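>>> Predicted model follows, preceded by the sequence.
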Amino acid sequence: MTLINETYRRPLDPGYQEVADRRRAGTAPRRTRRGAAALLVLAVALGAFASSAATALRQPPPAVLEARALLEAEIRERTGRAEALRDENARLSAEIAALQTAAASSEDPALLAQLQQDAVPGGRVPVSGPGLRIVLTDWVPGPGEEENPDNRVQDGDLQLLANGLWAAGAEAVAINGARLTSTTAIRGAGAAVLVDMRPLGSPYTVEAVGDPSGLQTGLARGTAGQRLASLRQQFRIGVEVTVQDRLELPAAGSPTLRSAQVLGDPDATTASGSAPAPGRRGTAAGRGTAADALGRVSPDVAVSGRPDGGERS
């Protein structure tokens with residue numbers, strides 16, 4: 001208690017108190033110009049020293065700078081090599097396609113015509129034309145709101161939408177620039193959606209080339225239109241549907257042929273890596289049957305659910 005009382009009565013140190021009393025009485029020594037100049041020089045020197053020390057500490061050592069320069073040079077070299085290989089691959093692919101076309105045109109013109117007809121639904125060539133653009137955006141919680149996984153776009157939503165567009169007469173469909181074919185897989189991986197093992201995130205832009213009025217009517221009458229309305233109203237997911245005068249969809253990647261079978265062979269069995277049988281979706285986003293367009297899934301497609309009780313394909 002004595003120490004506390006002393007602190008309350010004399011809050012200043014005796015030396016500071018003496019200086020304060022002198023200043024109050026007017027007997028304190030006045031500050032001279034020489035002292036002020038010395039103080040200014042000292043402050044400038046201390047500031048310069050602190051700045052140089054901070055700069056030296058922030059600058060990486062020479063070994064780190066040398067390693068960074070080496071890595072940057074290697075990155076530039078590898079990037080140039082990758083671009084050269086990409087150009088060479090494109091040139092060889094065009095040469096192979098030209099040779100195949102020449103061989104098919106001379107040996108079997110009917111087969112060539114069939115291949116050219118199937119190039120668009122198979123995703124072998126780029127497609128452009130009018131169509132629909134549907135943008136799905138995850139709901140973002142505001143201040144004080146909790147995040148709910150059901151308020152995000154899920155793989156089943158994109159599966160159902162893609163199948164609904166096929167059923168409505170779409171000639172080609174792409175999600176975030178990834179072209180869909182009969183062997184495209186749409187799967188969920190945590191908060192992301194995988195399209196042929198390519199991770200995509202919100203917003204999801206689904207583009208379909210075809211008659212815009214027919215696509216809109218087909219979506220509105222089918223299960224896909226009901227799902228879009230449910231996503232907008234119940235789960236607060238952003239849904240924007242616009243008519244586009246011109247869409248440009250890229251070609252899909254070339255599939256790897258592991259085995260082939262002659263049609264009509266009674267002893268033939270389905271081999272790994274071959275195309276799915278007609279009338280069944282090989283994956284979640286194929287040009288499927290009428291049951292696929294209604295949102296039903298094949299046995300190899302994962303099924304998840306939302307709180308509304310409806311099945312999500």
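It's in. Predicted, not measured: the structure shown is a model, and the values here were computed from it.
>>> Over to the closest residue to residue 210 other than its chain neighbours. Which of the three states is it?
With sequence-adjacent residues excluded and distances taken as Cβ to Cβ, 6 or more residues apart in numbering, residue 210 is closest to residue 170, at 4.4 Å. The way it works is simple: take the backbone N, C-alpha and C, and place the C-beta from them, glycine included. When classified by DSSP: H, G, I helix; E, B strand; the rest coil, residue 170 comes out as coil.
>>> what ranges do the helices span in the chain?
Ranges of helices in the chain, per DSSP state H, are 2-9, 14-25, 33-58, 62-107, 109-118, 155-167, 212-221, 223-233, 290-293.
>>> The fourth one - contacts with which helices or strands?
Translated: helix 62-107. Packed against helix 62-107, as judged by 3 or more Cβ pairs under 8 Å, 6 or more residues apart in numbering; DSSP states H and E, are the following elements: helix 109-118.
>>> And for the helix it packs on, what's in contact with it?
101, 104, 105, 124 (Cβ atoms under 8 Å, 6 or more residues apart in numbering).
>>> Just the buried subset of those residues, written out for PyMOL, thanks.
Applying 16 or more other Cβ atoms under 10 Å to the contacts of helix 109-118, the buried members can be selected in PyMOL as follows:
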select buried, resi 104+124
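>>> what's the most distant pair in the contacts of helix 109-118?
105 and 124 (16.7 Å; Cβ to Cβ).
>>> Just the pLDDT at residue 73, thanks.
Looking at residue 73, its pLDDT reads 91.
>>> thought residue 216 was touching residue 242?
No - contact between residue 216 and residue 242 fails when scored by Cβ atoms under 8 Å: they sit 10.4 Å apart.
>>> which residues are common contacts for these two?
residue 132.
>>> who has more neighbours, the two?
Neighbours were counted for residue 216 and for residue 242 using other Cβ atoms under 10 Å; residue 216 has more, 15 against 9.
>>> The residue nearest to the more buried one when sequence neighbours are not counted - how many residues pack around it?
Computed as Cβ to Cβ, 6+ apart, the closest residue to residue 216 that is not its neighbour in sequence is residue 132, at 6.7 Å. The tally of other residues near residue 132 (other Cβ under 10 Å) stands at 25.
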